[in-house]
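# Could you look at this predicted model? Sequence included:
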Amino acid sequence: MANFFSWLVNKLRFRRFALSGNIKELTYGAFYYGNYSNWKHDPTPLIFVMHSDSGYTHGINTHYMSRPDKEWFGRMIYLLKKGGQVIDGLRMYRLLKLRRKSIIDTCYRVYFTNLLDMKMVGAGLTDLDRLVYPITKDPWLLALNEMLKPSDMTSESGIQIAYDPQELQTRIDQVLNSQPIQQQSVRSRAPYQGGAPYQSPAPWIKPS
């Protein structure tokens, strides 16, 4: 009997089961935390959403981020939002490739959307602060959320990030150098691979 249960567990371990009949697409630019049923290394990822549709969700899993990368990423999110910059998933991807390639190489993941059971835990670049659930105790994200409170953000929205990669880099450099930020506010207090289906309609990923 024990052998039968061992066989059954091994058979079902990496099968993909939808968590519900209603597929919930995640919001670009926000942070989500929860369960992923097809996990290999991280069953409860904390992700910054880069793209999401009914098939796949692309995101930056911050659990894999080094301390310096977290400092840089938190500072970038703060300054982009503070400066009212309009930047979509494609331009965010280009920015990270240009300025912090280690984040893409180490933390970029693609998930089956129907296998995610997550709640928004950080508004990030969005204005959806009222939808945030305080269910994560990650010190880095808590500090970033505190900095991104609407009462602390005075910005003018509607500024379009440039399309040209060189101009994009110049504009981002200007934004990141224009306003000082206390790094200790976003510093992680403690240092914190599974396969991924890279066939996706996200504009920066080429289907195999």
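Nice, I can see it. Numbering: from 1, shown residues only.
# Only the buried residues of the helix or strand where Asp117 lies, if you could.
Using DSSP states H and E, Asp117 sits within strand 116-122. Within strand 116-122, the residues scored as buried using 16 or more other Cβ atoms under 10 Å are Leu116, Met118, Met120, Val121, Gly122. Where you see a C-beta, it was placed from the backbone N, CA and C, and this is true even at glycine.
# give me every residue that touches the second one.
With contacts defined as Cβ atoms under 8 Å, 6 or more residues apart in numbering, Met118 is in contact with Leu26, Tyr32, Tyr33, Gly34, Asn35, Ile47.
# give me the element the fifth one is part of.
When you say that, I think you mean Asn35. For Asn35, the element it lies in under DSSP H and E is strand 31-36.
# go on, Pro68?
Pro68 is located in helix 67-82, with elements delineated by DSSP H and E.
# Please name every helix or strand in contact with that helix.
helix 101-107, helix 139-147, helix 165-178 (3 or more Cβ pairs under 8 Å, 6 or more residues apart in numbering; DSSP states H and E).
# Point out where this structure drops to low pLDDT.
Along the chain, segments meeting pLDDT under 70 span 1-22, 151-201, 203-208.
# If you drop the residues flanking it in sequence, what lies closest to Thr106?
Leaving out its chain neighbours, the residue that sits closest to Thr106 by Cβ to Cβ, 6 or more residues apart in numbering is Tyr64, at 5.2 Å.
# number of nearby residues for that neighbour?
When neighbours are counted by other Cβ atoms under 10 Å, Tyr64 registers 19.
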